[in-house]
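pasting the structure only:
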């Protein structure tokens, strides 16, 4: 019984292996999974709520420069002592309106609020791009684990057939008992590898389930002819320029520095006077309950005033606040530089990783072809009596491992390409859709 293993007859075994897995629903593309993640991921939901809360900073800041109106009323029963002539009741209502005419701290707080909203927008954008990357990474981790499990399962089946062949050859006296024992040892190792691969697949599916908050359906696999293209633009410096302009984490750090510098101007403005115009109206009725007949008096009062306040001496409070704000601005400037350097490094690393992944994938493709040829040669040598059964088993294992490594490298290239766009701050849903077009439910 001969076992010829080539890429053409190896692939059907590997493709058929997913049929052993439970079919939850029809295969889903990355775009489908991302839509579920966008609607159900708890991290992005929290980020959106945080953004919605942050945008209220602007109307809150503007409210200080808008008219303030207060109305009130009261009803009271008053009891005097014996010398005061008895009890009386009173009621009244009032209204007050005020408007800041000049309040520089409040005016500059509006500028700070605008920067706060812009920072919140950048943080939300960062969270959205991170969700795209996390979803794609979890998706392709499942594909990689699935290919590894398929390879381990197919390897175990092929080695089991070789073990049966070794036993039959021993039964008819064509091989020694050592061949059977060595084949059984290889089979035991193959079973162990399959168990590990199955567990890794379960863990990968669980990681994706956490993101989409439902059981993971069958996923589309990467097409065999999916292209490996170098990053465009081709220069890493161009990618760094894009990242310095678009990376939302860097933009958030810039806004944080802007907020800190605005705080300095707000604290300095605390030394300036404020001018408020205010008007009030009060109506009060008072009646002597014990008098017969009851005596009622009514009093109306209206006031319009300009109120100027100047913080002449604050006990050093304003100076301390200014010094504190300056120190925080210095800290924010260094944080901004730290983030900028990190973004540059991440972009450069991601760019180089994409190039390395292309080279590695091409090398592993060639390695797969070479292991194919080596397996055929080993099988032919075994048939001719020049190679041992163990060598055939090792060759089978190496071929399936080469296929799993090749599949993992292709998946890693896709993830690295998305990571480069994430570092540059330009990862968008269109890139998720582009990856989806390179998938096929038959894989």
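All right, it came through fine. Here the structure is a predicted model, which means the values were calculated and not measured.

low-scoring pLDDT stretches of the stretch 101-250 of the chain, where are they?
174-175 (pLDDT under 70).

what about the helices in it?
104-171, 177-212, 236-246, 248-269 (DSSP state H, counting those that start in this stretch).

ok and the longest one relative to helix 236-246, angle-wise?
Following axes from the mean of the first three to the mean of the last three CA atoms, to 10 degrees, one obtains 130 degrees for the angle between helix 104-171 and helix 236-246.

Helix 104-171 vs helix 248-269, what angle?
Going by the same axes, to 10 degrees, helix 104-171 makes 160 degrees with helix 248-269.

now swap in the second one and tell me
Going by the same axes, to 10 degrees, helix 177-212 is angled at 40 degrees with respect to helix 248-269.

Contacts only, for residue 194.
Applying CB atoms under 8 Å, 6 or more residues apart in numbering, we find residue 194 in contact with 149, 152-153, 155-156. Where C-beta positions appear, they are placed from N, C-alpha and C, glycine not excepted.

redo that, cut-off 10 Å
Residue 194 makes contacts with 148-157, as judged by CB atoms under 10 Å, 6 or more residues apart in numbering.

cool, residue 187 as well?
Counted by CB under 10 Å, 6+ apart, residue 187 has contacts 155-156, 159-164, 166, 393.

switch to 7 Å and redo it
159-160, 163 (CB atoms under 7 Å, 6 or more residues apart in numbering).

Also residue 37?
Contacts for residue 37 (CB under 7 Å, 6+ apart) come out as 131, 135, 211-212.

quick revisit: would you mind putting the helices of the stretch 101-250 of the chain into CSV with distance to residue 69 alongside?
Shown next, in CSV, are these (distance: least, CB to CB, whole Å):
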stretch, distance to residue 69
helix 104-171, 17
helix 177-212, 49
helix 236-246, 45
helix 248-269, 26
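
So for residue 298, which of those sits nearest?
With CB to CB as the criterion, residue 298 lies closest to helix 104-171 of the helices of the stretch 101-250 of the chain, at 38.3 Å.

ok, so of the contacts of residue 37, who is nearest residue 248?
residue 131 (12.4 Å).

Nearest residue to the closest one in space, ignoring adjacent ones along the chain?
residue 44 (4.8 Å; CB to CB, 6 or more residues apart in numbering).

now the angle between helix 104-171 and whichever strand or helix holds that neighbour, please.
Secondary structure assignment for residue 44, by DSSP states H and E: helix 42-54. With the same axes, to 10 degrees defining the directions, helix 42-54 sits at 180 degrees from helix 104-171.

Quick one: mean pLDDT for helix 42-54?
Helix 42-54 shows a mean pLDDT of 93.

Show me what that helix is in contact with.
With CB under 7 Å, 6+ apart, helix 42-54 has contacts from 38, 116-117, 120, 123-124, 127-128, 131.

Show me which pair in those residues is furthest apart.
The span of those, defined through CB to CB, is set by 38 and 116 at 25.2 Å.

Looking only at neighbour counts, state which of the two leads.
residue 116 (23 against 18; other CB atoms under 10 Å).

For the more buried one, which non-adjacent residue is closest in space?
Leaving aside its sequence neighbours, residue 116 sits nearest to residue 57 (CB to CB, 6+ apart; 4.4 Å).

what's the burial count for that neighbour?
Counted with other CB under 10 Å, residue 57 comes out at 19.

Kindly report the same for residue 320.
By the other CB under 10 Å criterion, the neighbourhood of residue 320 contains 12 residues.

Then residue 401?
As a burial measure, residue 401 scores 18 neighbours (other CB under 10 Å).

Check which helices and strands the strand or helix carrying residue 324 sits against.
Applying DSSP H and E as the criterion places residue 324 in helix 317-384. With contacts taken as 3 or more CB pairs under 7 Å, 6 or more residues apart in numbering; DSSP states H and E, helix 317-384 sits against helix 236-246, helix 248-269, helix 389-424.

Show the average pLDDT along it.
93.

how many degrees apart are that helix and helix 236-246 in direction?
Using the same axes, to 10 degrees: helix 317-384 against helix 236-246 is 140 degrees.

still on that earlier bit, quickly note the distance from the residue nearest to residue 131 to residue 421.
Counting by CB to CB, to the nearest Å, the gap from residue 44 to residue 421 is 18 Å.

likewise residue 323?
Residue 323 is 42 Å from residue 421, by CB to CB.

So between these two, which is more surrounded?
With neighbours defined as other CB under 10 Å, residue 323 and residue 421 compare such that residue 421 has more, 22 against 13.

nearest residue to the residue nearest to the spatial centre of the chain other than its sequence neighbours?
In the chain, the C-alpha nearest the mean C-alpha coordinate belongs to residue 130, at 3.1 Å (CA atoms, centre = their mean). Leaving aside its sequence neighbours, residue 130 sits nearest to residue 422 (CB to CB, 6+ apart; 7.3 Å).

Does the one you found touch residue 133 like I think?
Yes. Contact between residue 422 and residue 133 holds when scored by CB atoms under 7 Å: they sit 4.8 Å apart.

quick check: domain ranges of the protein?
Split into domains by automatic domain parsing, the chain comes to 7-65+103-271+314-440, 66-102+274-309.

Tabulate the contacts of residue 194 (TSV), appending distance to residue 245 and neighbour count.
Conversion of the contacts of residue 194 to TSV gives the following (distance: CB to CB, whole Å; neighbours: other CB atoms under 10 Å):
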residue	distance to residue 245	neighbour count
148	39	25
149	42	26
150	43	25
151	43	28
152	45	26
153	48	22
154	48	26
155	49	28
156	52	23
157	53	15
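
ok, residue 286 touching residue 92?
No. If you go by CB under 7 Å, residue 286 and residue 92 don't touch, sitting 8.6 Å apart.

list residues touching both of those two?
Joint contacts of residue 286 and residue 92 (CB under 7 Å, 6+ apart) do not exist.
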